[in-house]
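In: Got a predicted structure plus its sequence, pasted below:
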4 protein chains.
Amino acid sequence: MNKARMEAFSDGVLAIIITIMVLEIKAPHDTDLNALTKLAPVGLSYVLSFIYVGIYWNNHHHMMQTVKNVDGKILWANLHLLFWLSLIPFTTAWLGQNHLTALPLALYGFVLLMAAFAYWLLQTLIIREHGKTAVLARAIGKDWKGKASPFLYLSAIVSSFFIEWLAIAIYIGVALIWLVPDKRIEAKFYNNED
Amino acid sequence: MNKARMEAFSDGVLAIIITIMVLEIKAPHDTDLNALTKLAPVGLSYVLSFIYVGIYWNNHHHMMQTVKNVDGKILWANLHLLFWLSLIPFTTAWLGQNHLTALPLALYGFVLLMAAFAYWLLQTLIIREHGKTAVLARAIGKDWKGKASPFLYLSAIVSSFFIEWLAIAIYIGVALIWLVPDKRIEAKFYNNED
Amino acid sequence: MNKARMEAFSDGVLAIIITIMVLEIKAPHDTDLNALTKLAPVGLSYVLSFIYVGIYWNNHHHMMQTVKNVDGKILWANLHLLFWLSLIPFTTAWLGQNHLTALPLALYGFVLLMAAFAYWLLQTLIIREHGKTAVLARAIGKDWKGKASPFLYLSAIVSSFFIEWLAIAIYIGVALIWLVPDKRIEAKFYNNED
Amino acid sequence: MNKARMEAFSDGVLAIIITIMVLEIKAPHDTDLNALTKLAPVGLSYVLSFIYVGIYWNNHHHMMQTVKNVDGKILWANLHLLFWLSLIPFTTAWLGQNHLTALPLALYGFVLLMAAFAYWLLQTLIIREHGKTAVLARAIGKDWKGKASPFLYLSAIVSSFFIEWLAIAIYIGVALIWLVPDKRIEAKFYNNED
């Protein structure tokens, strides 16, 4: 089974997820600066979620390059990942309307946590299919980002109910960790292509 | 005529269908647990429909791999299938707002029934084009899932007007039947590709 | 310049156009049969527009198969076509809410007329680029459908202000004319591929 | 790393951006000519933004044709560009509702300015990756359009607060500048492909 359509479908879903979030930034009726500053929380939530979906697209892109075959299990593990990511526009909208409120903050983290789990599951199935010595298995290596993220999400979820700003700080922090390029991994990908 | 654009177009439409359903889960104004639990029916409808569209995408993906040529009839049979699937976001939204109500339950099943019919029509046209001995014809084999589903949808539609929970149970049941991988078929696909 | 991305972009836009129209079919608050029958005009407009966009996708698919090179002019002629098609969800929504009313009926026809003109322009540019003897020029042949449609749209626009049902009948009629496969043309396409 | 998925993802996002803007043109409840003329500002904003997104897609298409490899930096520079473009439906909606008002006009220009900066950044990274002698570097040449646009956007932003119609005139003007084909550049692209 070839992977091209799975990539095309994932690209489509991720492109839609990242773009429909902007529909939540409703054009205000007023036209003064106040109307615009009121949109700041919604706008910031959008930026954060845009980066998260961008990270997932980026990592998905990298991972799929190492994949040769996909089977039914991998197709469904991929749909499972897309399911959790598809909830991000909803959690983003709720967070944007209620910044620094416990439940929206916690739910935002919960969906990120489940997406991280779904990504790990997909990755595990791909490695199993291709063998421990495959490019992906070696490229991931110690994968400290992948291992640390769930714990960070969990602590952010807990923080939501006690110190709201800490939860937001953690979400921003995790995004930054992933944004910083991981020279070592990219090098391995490149070397392999030679 | 080549099948690449038909696949790309179908992937696009299916990706949009599966993603815009999430727009129906409106962010509530309140931020307490009660506001979230009120969303449960909408959320569960979303999960169910996500799985159904995922199943169709999956099966469509498998079926198209066996196809060599597409003609005008197949293009329109494919659009006909996409038409019925495009109604799923609507029936999902109506069902989500009115769980356990007769008409939304019945309509949900009716659209699934018509999509199943459209899929069967597309499949039949493809087999006719490629011959009885083609991969698809052999892979489908007895196709008990495809034959049983319409009857199950029909009984769910009838149940909607008498025992509402039974209709939902049947919709969940059919989804589960399709989710369970069909080893035998996948094997045939693989063998053929050798 | 290669045509693959122009096809991919057009597929994306057409897939979105055909799917977001369904967002106009709002789930009613009531759950009785009356609520559903009230949706009939909206639903019928959706069916009609779905078929029109399907026809355009189908014809676009056929036409692009004959194309070897695209230049800036062709890219913009294609965007011009997509612009008019992108207005169909709007005219469909307005028509659906106000069936058998003059202005929505006329505007629906006007957008179809402009799309037909944009399609003709794109086709003309492609033929000029590839020469009169090219596949497309020969395949189109007398092109009576393409020549008759604008006049039919025009008469529907005029009818909108006098005999509303005639306008709708013409829109349905033109769709049917295009739906009926054109054996002769498809044959030419096939022969050429040998 | 291959560029195909980055192109596919960009096509998807641009296709969605260009199409969801039409959702802002809400079907009016009335059906007289007055209801339609009231939509003129929204419609004109849509036309303008459609052209801008079309220009970006067109230029992106041209630029990517000269690209051989993409790395993490280029992927993120591309996402950064898509981010600013994704705000266009929002600024278009706000502008459409409040034509000739200072802040919506200025914000419209600000997002265009940031998109122009993001495009320049992406272009710079691609040239650095491929070398000064690469097709893109030569094709861009003096790039007077690219250099003039930011200054024109800036003057439009300033005009927004003093002479509103001048701001709109500048936005239309810049779009026209880009619409006019640049024979010299296209020729270079073509020659290179020989």
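Out: Received it, and whenever you're ready, just let me know what you need. Residues are numbered from 1 along each chain as shown, chains lettered A, B, ... in the order given.
In: In chain A, which residue sits furthest out from the middle?
Out: The centre of chain A is farthest from one residue, A:Asp32, which by C-alpha atoms, centre = their mean lies 34.4 Å away.
In: wait, what's in contact with A:Ile55?
Out: For A:Ile55, the contact set (C-beta atoms under 8 Å, 6 or more residues apart in numbering or on different chains) comprises A:175, A:178-179. Every C-beta, even on glycine, is put in place using the N, C-alpha and C of the backbone.
In: Filter the residues you listed down to the buried ones.
Out: Among these, those classed as buried by 16 or more other C-beta atoms under 10 Å in any protein chain shown are A:175, A:178.
In: rewinding a little: the spatially closest residue to the residue farthest from the centre of chain A that is not a sequence neighbour: helix or strand, and which one exactly?
Out: Spatial nearest neighbour of A:Asp32, excluding adjacent residues (C-beta to C-beta, 6 or more residues apart in numbering or on different chains): D:Leu103 at 6.7 Å. Taking DSSP states H and E as the definition, D:Leu103 sits inside helix D:102-130.
In: now for that helix, which elements pack on it?
Out: Packed against helix D:102-130, as judged by 3 or more C-beta pairs under 8 Å, 6 or more residues apart in numbering or on different chains; DSSP states H and E, are the following elements: helix A:33-38, helix D:40-65, helix D:72-86, helix D:88-97, helix D:135-140, helix D:144-160, helix D:164-179.
In: go with 7 Å
Out: Judged by 3 or more C-beta pairs under 7 Å, 6 or more residues apart in numbering or on different chains; DSSP states H and E, helix D:102-130 is in contact with helix D:40-65, helix D:72-86, helix D:88-97, helix D:135-140, helix D:144-160, helix D:164-179.
In: what's the angle from the longest one to helix D:72-86?
Out: Spelled out, it's helix D:40-65. Using axes from the mean of the first three to the mean of the last three C-alpha atoms, to 10 degrees, the direction of helix D:40-65 lies 170 degrees away from that of helix D:72-86.
In: Show me what counts as buried in helix D:40-65.
Out: In helix D:40-65, counting by 16+ other C-beta under 10 Å, buried: D:42-43, D:45-46, D:48-58, D:60-65.
In: how long is stretch A:62-81 from one end to the other?
Out: End-to-end distance for stretch A:62-81: 15 Å, by C-alpha to C-alpha, to the nearest Å.
In: hmm, back to that, turn the helices and strands packed on helix D:102-130 into a markdown table, columns for mean pLDDT.
Out: A markdown table is the format used below for the helices and strands packed on helix D:102-130 (pLDDT from 0 to 100):
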| stretch | mean pLDDT |
| --- | --- |
| helix D:40-65 | 92 |
| helix D:72-86 | 94 |
| helix D:88-97 | 94 |
| helix D:135-140 | 63 |
| helix D:144-160 | 91 |
| helix D:164-179 | 93 |
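In: Just send the ones you listed back as TSV, with distance to A:Phe9 too.
Out: TSV is the format used below for these (distance: least, C-beta to C-beta, whole Å):
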stretch	distance to A:Phe9
helix D:40-65	21
helix D:72-86	19
helix D:88-97	24
helix D:135-140	31
helix D:144-160	35
helix D:164-179	33
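In: element containing whichever residue of chain A sits closest to chain B, please.
Out: As assessed by C-beta to the nearest C-beta, chain B sits closest to A:Gly12 within chain A, at 3.1 Å. Per DSSP H and E: A:Gly12 is located in helix A:4-20.
In: What is that helix packed up against?
Out: In terms of contact count using 3+ C-beta pairs under 7 Å, 6+ apart, helix A:4-20 is assigned the packing partners helix A:40-65, helix A:72-86, helix A:88-97, helix B:4-20, helix D:4-20.
In: now the ones you listed in a markdown table, with distance to A:Leu23?
Out: Shown next, in a markdown table, are the helices and strands packed on helix A:4-20 (distance: least, C-beta to C-beta, whole Å):
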| stretch | distance to A:Leu23 |
| --- | --- |
| helix A:40-65 | 10 |
| helix A:72-86 | 14 |
| helix A:88-97 | 8 |
| helix B:4-20 | 10 |
| helix D:4-20 | 7 |
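In: which parts of chain A sit against chain B?
Out: Counting by C-beta under 7 Å from any C-beta of the partner chain, chain A comes close to chain B at A:1, A:5, A:8-9, A:12-13, A:16-17, A:20, A:71-72, A:75, A:79, A:83, A:86-87, A:89-90, A:93-94, A:97-98, A:101, A:103-104.
In: Closest one to chain D out of the contacts of A:Ile55, please.
Out: The nearest member of the contacts of A:Ile55 to chain D, counting by C-beta to the nearest C-beta, is A:Leu179 at 7.4 Å.
In: roughly how far apart are that closest one and D:Ile126?
Out: 20 Å (C-beta to C-beta, to the nearest Å).
In: And A:Ile177, by the same measure?
Out: Distance, A:Ile177 to D:Ile126, using C-beta to C-beta: 26 Å.
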